[in-house]
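Peer 1: show me how the following folds:
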Amino acid sequence: MIKTLLKCFIVALSAASLPLVLHAQSLPADSVSLKADSNSKKLSVPPVANKVVTGLQNSLSAPAKQAAALKPAASTEAGKVKDAFSKSLDKTKPGKLSIDIGVEEGVRYQPASGTSPAFPGWANVVGVRGVVQAFGIPLNVNFSNDRTTFSGLNGLTNNLFKFDFDPRQFTGMFKSDLQQYYDLRRTAFGGLDMAGYTRKVLMDQLKSEQGKLAGSIHDAALTKYLNNPAEINNLLNLNEDQIRQKLTAVAREEAKKGPVKQLNNIDQANSASALTGLANQTAQGELKSGLSKEGLNNIDPLHPVAGLEANAKGKLAGEQASALKKILAEPALQPYLTDPAKLKELQKLDKQQLMQKLRAITQKDVKTPQNAKAPAVVDVADPVPDLDMAAVVNNTLKENDAHHDIALQNLANNILTSKQGSLLTNQASLTKNAQANTQLPAQTSKDIDSAARTITRIKAQLQNSGVDVNKMMQIQKMLDGSNGALPATEYASSIVSRKPGSGIQSLFSNVQSLKIGSFGGQVPGNTQGQDMFLSGTHITYKFGTIPVTAGYGSSNDMNSAKDAAYQSSVYNSPKDVTYLGAQIKRGVFGNVKLAITSSFGTSNTNAPYGTSASASNNVAFTVSKDMNMGAIGHVTVDVSKSTTLYNNNYQIGSDIILAQKAGVNLNTTNDLFEAVGFNVNQHLDIKKLDMSDNIYFDYAGMGYQNPGNNGYGGARKKLGGNLKKAFNKNKLVLNLRTDLSAMPISYTTSDQWRSYQLQLDSRYIVSKKLNLSLKYTANGTSKQIDEVITPVYSYQKLQADGNINYKVGKNFTVSHFSLGYQTYSNVVAAITSTTGGTGALPAADPSLTSNLITATYTQSTVINRNTLTGTMMFNKELTPNSLIGNMLNADVSYQYMLFNKLSLSSGLTYLNNTGIASQAGIRQMMQLFATRNFDMNTFVDLRKNLVTPQYGDLYPAARVELSLKYHFKN
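Peer 2: Residues are numbered from 1 along each chain as shown. I've put the predicted structure just below:
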């Protein structure tokens, strides 16, 4: 009887793929008979032993049923954890699209009395300004429409749009590896490091399964290993198969150290447990003699179930080893295991493809038909009643197929994880591995598989988010080894340097400038140091160490009525400019800039107000060299050569244009020395003397034209510079600047325009509350013809300024005052000047000048949270020639807050411009901060005309503005 029981029990265990390690648990209260299968007879066993076997059956079947029932729920829970982790990682990525834009609409009403109805009093301007961030790239957007509507001109050609890229703002978005590490800890890892987060996920997963799955028992050694942060760090450096091998090895090692634990424990405080222990002793006594009779002496009668389980495992391992031996003996498989080239081909496959390949080589169909019928077999020696031989054969075939499939899986794992030339083809080694695998309980194998997949999933999600897992682990190791402080090493310096966070950021990291639309800036090859306003495209991209600039734009900002005089001359505007430049900072030539600039001028679109200008096409090639001359200072030399071709597009009958063309068509535009320009700049900073200087010399021949310069670029000589000196620890600063220039006005004589400019600035800091400044400016222009110099324009001014802050009672006050004296002379202005309110015109007198004193005073006082401000501007003519006139302009305003959302400013104004206008009125401003994204501004200026103004458009009686702003940000 005992032999029959043992054989049936071994068969039952053999059918299970991986037996579970059983912990002590209570026996069922009632006795249940065990059936081997539906076709076998009931087995009669002792009552207590039957309870032992029934308890074992329940412990084997209940967890499997519960696991099958909870599998969808577990998958759903794992999906939730995965989704939450993915969302946390998304927070660390550069946003795909973010908007930070303000939209503003402004309406202004300003009626102009006495003007033409063609000049409306309404103006409506819509503006959009902000930053659009796409894939981690910040792009500035600026748009304004119809800026000249109020003047009655065509506003369609005056819309402004600007789309540019700011490298400084962009590099501020870069993150260092160390910052990325801390961002991951804060957002994705919940304040933990990567190993701590992985350990927490694994432990939560094991606890969740243990709480939901009654009877599921986890390997204590495996749980302890996964709860060790140091061991998790090691596992994070392995791939999924290596993680499984490592955890399997840990579980096997612990299984060797400790035997299978007892099925039952006796609890002295529980009577039921005490009865269970007595039942166990009885069952062990009955089984002891039976075990000895059947020759099963290797089974400990005190732990019969453990012995039965061990025998079952041994039998299963033997059958799997036998299957593996047959596979290795296949002649078709031997070349793949012995030839390194063919072995390398197998290692390129994934596990599923490799299994299909091995099945095809061994010619083994692992699937046994469910309805296969075996021929009837009659046992003539000792026929057994009710025995279905076909079922026996099918069961045997299925067991052999299962052993064959497990052996193929073991072989595939060894092929994938082994290095070339070191495959474990030895039968004993593979057999040992197969036997070792079968020694692990099913729950332990399940935990190993779950842990391996979880760790691999976390790493894969990090890699897909652009995180270098290995680098994050290295940073963690470095911080752990230095108590959170970075060591002074080259690697530590590299991880704190800012780097692009994506491929598109890496591409834009070489973009130093990008402008689309209307923009201003210096064009490569410019020799004047002035900005040019263009509508087009500009980009500077860094190739290696060489930044290359390219662009195209049109300059057509002189299309108003006030520019008619320039449009009827040789002024080279409008024009289309194309440029290409590069800067070489290293190499034999040092810091050298190369630029080619070309333009294609037009005259058809440039003549709405007068005679067509003389359009031209020209090209200029410029080379700039920066040199550090030591004691001399920093020297920059620019050399440029141009070629110009004038068009024949002119209006027939225009003698002025014909005469101009006769001049510009001379050989000067193609002559080497007449079509060349160069300049030299020197800068020296002497810190010991608190002194610096900057000197320049600029020359351009008669035929030189540079499209990168504003206006008429040729025929000039300029010399100037500035000298700056500080005294008494920078309390007193003096700055002297001077400029001299000469411009020929004839191709055949020495006739020329001559101009000068002189400016002296001084600033003295008396104390922290008081500082004073003094400025003297003098400039003028004269015309030299036939060696006779005639003054045309001159201006001199001496001005003193001061700033002082003090207290009036408990209130802080800031005051600014200015007092100046100026002399102004202009022949054209003198001819058209008025003498008082009569409007009479005097006779032309070049000696007419105007002496004028000016004074301004501003005071602002803070009263609690409000501000009281008063301003006064005054100028007085000291000569009877009223070139500028006498004027007094004063206002006082009080700024205050209401309801913490409404900012208001109320004030009074007074204006008196002698003989021109006299007004008094009120002014009210209001700014409403309604919400975080919306605010409104209003401005109302109402005035009473005390006299009828001569220029109604300059002195309106009413001005009302309304501005609405809405801020979009996601």
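
Peer 1: so where do the helices sit in the stretch 501-650 of the chain?
Peer 2: Taking DSSP state H, counting those that start in this stretch to define them, one finds helices in the stretch 501-650 of the chain at 503-508, 564-567.

Peer 1: least confident of those, on average?
Peer 2: For the helices of the stretch 501-650 of the chain, the weakest mean pLDDT is recorded on helix 564-567, namely a mean of 54.

Peer 1: pretty sure residue 447 is touching residue 203, no?
Peer 2: No. Taking contacts as CB atoms under 8 Å, residue 447 lies outside contact range of residue 203: 11.4 Å. From N, CA and C alone the C-beta is placed, and that goes for glycine too.

Peer 1: which one's more surrounded, these two?
Peer 2: residue 447 (24 against 13; other CB atoms under 10 Å).

Peer 1: helix/strand/coil for the more buried one?
Peer 2: Counting by DSSP: H, G, I helix; E, B strand; the rest coil, the backbone at residue 447 sits in helix.

Peer 1: next: residue 414.
Peer 2: State at residue 414, reduced to three classes by three-state DSSP: helix.

Peer 1: from residue 180, how far out is it?
Peer 2: Counting by CB to CB, to the nearest Å, the gap from residue 414 to residue 180 is 38 Å.

Peer 1: higher neighbour count, the two?
Peer 2: Comparing residue 414 with residue 180 by neighbour count (other CB under 10 Å), the higher total belongs to residue 180, at 20 against 17.

Peer 1: what helix or strand does that one sit in?
Peer 2: Using DSSP states H and E, the element containing residue 180 is helix 177-187.

Peer 1: any idea of the mean pLDDT in that helix?
Peer 2: pLDDT averaged over helix 177-187 gives 73.

Peer 1: show me where the stretch 851-970 of the chain has its strands.
Peer 2: With DSSP state E, counting those that start in this stretch as the criterion, the stretch 851-970 of the chain has strands at 866-877, 887-898, 902-913, 917-928, 934-945, 958-969.

Peer 1: could you list the residues in contact with the fourth one?
Peer 2: Contact with strand 917-928 is made by 891, 893, 901-912, 935-947, 949-951, 954-955, 957, as judged by CB atoms under 8 Å, 6 or more residues apart in numbering.

Peer 1: could you rerun that using 7 Å?
Peer 2: Applying CB atoms under 7 Å, 6 or more residues apart in numbering, the external contacts of strand 917-928 come out as 891, 893, 901-912, 935-947, 949-950, 955.

Peer 1: what's the angle between it and strand 958-969?
Peer 2: In this structure, strand 917-928 runs at an angle of 20 degrees to strand 958-969, with axes from the mean of the first three to the mean of the last three CA atoms, to 10 degrees as the basis.

Peer 1: now do the buried residues in strand 917-928.
Peer 2: Within strand 917-928, the residues scored as buried using 16 or more other CB atoms under 10 Å are 917, 918, 919, 921, 923, 925, 927, 928.

Peer 1: now do the second one
Peer 2: For strand 887-898, the neighbour count (16+ other CB under 10 Å) marks 887, 888, 889, 891, 892, 893, 895 as buried.

Peer 1: please save the CA atoms from that strand in CSV.
Peer 2: These are the backbone C-alpha positions of strand 887-898, laid out as CSV (Å, rounded to 0.1, in the frame of the first residue of the first chain):
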residue,chain,number,x,y,z
MET,A,887,8.6,126.2,-23.8
LEU,A,888,7.4,125.2,-20.3
ASN,A,889,6.0,121.7,-19.8
ALA,A,890,5.0,120.6,-16.3
ASP,A,891,3.0,117.7,-14.8
VAL,A,892,2.3,116.2,-11.4
SER,A,893,0.9,112.7,-10.9
TYR,A,894,0.0,110.4,-8.0
GLN,A,895,0.3,106.6,-8.4
TYR,A,896,-1.7,104.4,-6.1
MET,A,897,-3.3,100.9,-5.8
LEU,A,898,-6.9,99.8,-5.3
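
Peer 1: so what strands line up beside that strand?
Peer 2: With DSSP bridges as the test, strand 887-898 is paired with strand 866-877 (antiparallel), strand 902-913 (antiparallel).
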